[in-house]
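S.K.: Curious how this folds, go ahead:
(one chain, ligands or ions: 1)
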Amino acid sequence: MVSSSIVLRQCRLIGSDADDLADIAIAQGKITAIAPQLPDRAPTEIDVAGQLVSPPFVESHIHLDSVLTVGQPRWNRSGTLFEGIEIWRDRKQNISLEDVKERAIAALKQQAQQGVLFVRTHADVSESSLTALKALLEVRDAVKDWLALQVVAFPQDGVYTSPDNEELLEESLRLGADAVGGIPHYELTREDGVRSLQRIFALAEKYDRLIDIHCDEIDDDQSRFLEVVVAQAVKTGMGEKVTASHTTAFASYNNAYALKLMGFLRRTQINFIANPLINITLQGRTDTYPKRRGVTRVKELWQAGQNVSLGHDCIQDPWYSLGTGNMLEVAWMAVHVCQMTGTDEIDACYDMVTGHGAQTLNLGDRYGLTVGRPANLIVLEASDRYDAIRRRPAVRTVIAQGQILAQTQPALTQWLLAGDRPASTVGIITDSKGVRPPRLD
Ligand code: FE2
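M.R.: Predicted structure coming up:
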């Protein structure tokens, strides 16, 4: 029997009841046992003291080639998509392999220390040098001991908008991209958009890759490429390998059409990704009032049983100057803009940045708090999913592939008024016995 290298004591496993504290043993990078009061002894023992232990966060949609460029060469003064595109056109002139790698790894470290250990990034493959793609493939290798990165070949300018783009997309797959991307609503015509999707599915089948389409990221209620993605998924049987990202136009469709589309969706298990931080800020810009939210029908898709996950899309780039890489902020925003404030709905938003994200990335048995699986887990200073989203507390410990990757000391408030007590809802919410406060349901 292999001896444990780490044992975590008194873990409140996500989804369990307050009394079900368990120990977790780790050896050779894997979870080897989960049970109350394990007899195992290990060189590293962590007293979790009743805090929440969760599988790591999954970032299912980010553009690492543009992260951390805010203000270069200038700030986006209007905050609009179009000014962002102009700024990025200028910033792209200075892009290099080292530039992309340095920023991408910095952003991944920011995310990993906050519990994100699985990431899907898009790489713009519209440039003939394929610099962004090559850099991110190198990053995938550089971080592989502590984070799993998937790279999507993303034809930012469209597949058929210039003669070289189609070949650049295929070359990206030959170079090793994990997934084929697309942007059908940005092709010159509806017909080109449909043709681009047919080509993307054919390439995915030829090279055995996943698919992740920037689909209908526009407020135009006539942008209807999601139905084409669904049709292709039904015809090819590739459902679970296919993801429709953004689908913001879905929020603008009339209900008669949306309900028909929901019916078609049941025929295939494609994944959806919403990016609430970005969708709420970039969409609806041409509206006066009422002003649309521009976020896809997250609640209805979730209620219909479709797999929905959430992503940042941007962290400090020309389109979004904010962002810290914290997935709880993404989930928190989804709770609000998607009106997911019901008890189960809040829990579902947590799932959308953990297990549902893992499903989108097709992680299978590489993910989850189960004996025999890789030891990737996080300790959150929270009592349950609701509490984690409400307070967005620090991730105290991050364990990646059986190694302690990062530890964070949370902020500590001292209440100095003599003879008085601090507010009980602020700060640490479990006592030494792991007792959590009553849940508001
Ligand atoms: Fe995106």
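S.K.: so where's the stretch 301-441 of the chain shaky on pLDDT?
M.R.: The model of the stretch 301-441 of the chain has pLDDT under 70 over residues 424-441.
S.K.: if we look at the sheet, which residues does the most centrally placed residue in the chain bridge to?
M.R.: Compute the mean C-alpha point of the chain, and by CA atoms, centre = their mean the closest residue is residue 59, 2.4 Å away. Residue 59 forms beta bridges with residue 119, as assigned by DSSP bridges.
S.K.: Am I right that it is in contact with residue 117?
M.R.: No - Residue 59 lies out of contact with residue 117 (CB atoms under 8 Å); the separation is 9.2 Å. To be clear about C-beta, it is placed using only N, CA and C from the backbone, and glycine gets the same treatment.
S.K.: got the residue ranges for the strands in the stretch 251-400 of the chain?
M.R.: Using DSSP state E, counting those that start in this stretch, the strands of the stretch 251-400 of the chain run over residues 271-274, 307-310, 377-380, 395-400.
S.K.: And the contacts of the second one?
M.R.: In other words, strand 307-310. Contact partners of strand 307-310, identified using CB atoms under 8 Å, 6 or more residues apart in numbering, comprise 58, 60-61, 269-276, 298, 301-302, 327, 330-331, 334, 349, 352-353, 356-357, 359-360.
S.K.: Just the CA atoms of it, as CSV, please.
M.R.: The C-alpha trace of strand 307-310 is given here as CSV (Å, rounded to 0.1, in the frame of the first residue of the first chain):
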residue,chain,number,x,y,z
ASN,A,307,-24.9,22.0,-19.8
VAL,A,308,-24.1,25.6,-19.1
SER,A,309,-20.8,26.9,-17.9
LEU,A,310,-19.4,30.4,-17.3
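S.K.: and it, how far from the chain's centre?
M.R.: With CA atoms, centre = their mean, to the nearest Å as the basis, strand 307-310 stands 8 Å off its chain's centre.
S.K.: buried stuff in stretch 249-258?
M.R.: The neighbour-count check on stretch 249-258 (16 or more other CB atoms under 10 Å) flags 249, 250, 251, 252, 253, 258 as buried.
S.K.: For the fifth one, list the residues it contacts.
M.R.: Taking CB under 8 Å, 6+ apart as the criterion, residue 253 is in contact with 221, 224, 261.
S.K.: can you list the domains in this protein?
M.R.: Split into domains by automatic domain parsing, the chain comes to 6-55+370-407, 57-362, 415-441.
S.K.: The stretch 51-200 of the chain: strands as residue ranges?
M.R.: Along the stretch 51-200 of the chain, counting by DSSP E, counting those that start in this stretch, strands occupy 52-54, 57-62, 116-124, 148-154, 179-182.
S.K.: hey, where'd the helices end up in the stretch 101-250 of the chain?
M.R.: Shown for the stretch 101-250 of the chain, the helices assigned by DSSP state H, counting those that start in this stretch span residues 131-142, 165-175, 190-207, 226-236.
S.K.: most packed of those helices?
M.R.: Comparing these by mean neighbour count (mean count of other CB atoms under 10 Å), helix 131-142 comes out on top with a mean of 21.
S.K.: so for that helix, what's the average pLDDT?
M.R.: Per-residue pLDDT over helix 131-142 has a mean of 98.
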